[in-house]
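Chemist: Sharing a model that was predicted from the sequence below.
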Amino acid sequence: MKLVQPIRKVAQIKRMKEIAAARPRDICLLEMGFHTGLRVQDILSLHISDIARINNGRWQAARSYVVNEQKTRKGKQVELVKSVRTAIEKQIETLDACGMAAPQGWLFPSPYRQGDKPLSRRHAGRLIKSIARRAGVTEPVACHSLRKSFGYHAFRAGVDIMYLKEIFNHSDIGITKRYIGITQDELNSVYQRLGAIMA
């Protein structure tokens, strides 16, 4: 089995979002995955009340919320950027139109269980793979690719790897280094950049 990779090309991530934008559920899942660094299971298990409140008769997404990670059992605060909040609000509006926007309802209800269970990880994985394929991504992709992409692009943008270790709740910095999928070519480019600066 091939190791799941981050999606390294920003153009492909943007294309995935364009494709997913046709369905509020799909774009909400991608926005949360690419912009929170959470495991997909922690995203799929969200209830509407975990992440939004009614304000003046309309659902409004929180600017941040506390998640208790299922894998690590650790709690952490997650900041939600504007594109994520917008996607959450559109998803809840869609659920509201179907009568499924109860506060204790799932943000991502399963289409096969009348909303009494969340979307399964398997279903989410098929969805992400399909969107990635249509966007031209050829590397191995699965649910974890969204989380890894968050770390990869944060690191490339200059975010200290120690911050990423904390965000991912990794026990060791070595895990974070392997996790974000920095390639040898990218490491080699550091020598080239420093060589140009100090020549």
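Modeler: Received it, and whenever you're ready, just let me know what you need.

Chemist: The residue nearest the centre of the chain: helix or strand, and which one exactly?
Modeler: Taking Cα atoms, centre = their mean as the criterion, residue 33 is the residue nearest the geometric centre of the chain, at 0.8 Å. Assigned by DSSP states H and E, residue 33 falls within helix 24-36.

Chemist: Residue 76: what secondary structure?
Modeler: strand (DSSP: H, G, I helix; E, B strand; the rest coil).

Chemist: For the closest residue to it other than its chain neighbours, what is the enclosing helix or strand?
Modeler: Once flanking residues are discounted, residue 76 sits nearest to residue 67: 6.2 Å by Cβ to Cβ, 6 or more residues apart in numbering. In short, each C-beta sits where N, CA and C put it, glycine included. Element membership for residue 67 (DSSP H and E) is strand 64-68.

Chemist: How about residue 86?
Modeler: Taking DSSP H and E as the definition, residue 86 sits inside helix 82-97.

Chemist: Give me the buried positions along that helix.
Modeler: Using 16 or more other Cβ atoms under 10 Å as the test for burial, helix 82-97 gives 84, 85, 87, 88, 89, 90, 91, 92, 95.

Chemist: picking that back up, and the residue nearest to residue 76, how many neighbours?
Modeler: Neighbourhood size, residue 67 [other Cβ atoms under 10 Å]: 20.

Chemist: returning to that earlier point: walk me through which strands the strand holding residue 67 pairs with, and which way each runs.
Modeler: Sheet pairing of strand 64-68 (DSSP bridges) gives strand 75-79 (antiparallel).

Chemist: and the angle from the partner strand to helix 82-97?
Modeler: Using axes from the mean of the first three to the mean of the last three Cα atoms, to 10 degrees, the direction of strand 75-79 lies 100 degrees away from that of helix 82-97.

Chemist: neighbouring contacts of strand 75-79?
Modeler: Strand 75-79 has contacts (Cβ atoms under 8 Å, 6 or more residues apart in numbering) with 36, 38, 63, 64, 65, 66, 67, 68, 69, 167, 169.

Chemist: give the contact list for the residue nearest to residue 76.
Modeler: Per Cβ under 8 Å, 6+ apart, neighbours of residue 67: 38, 42, 75, 76, 78.
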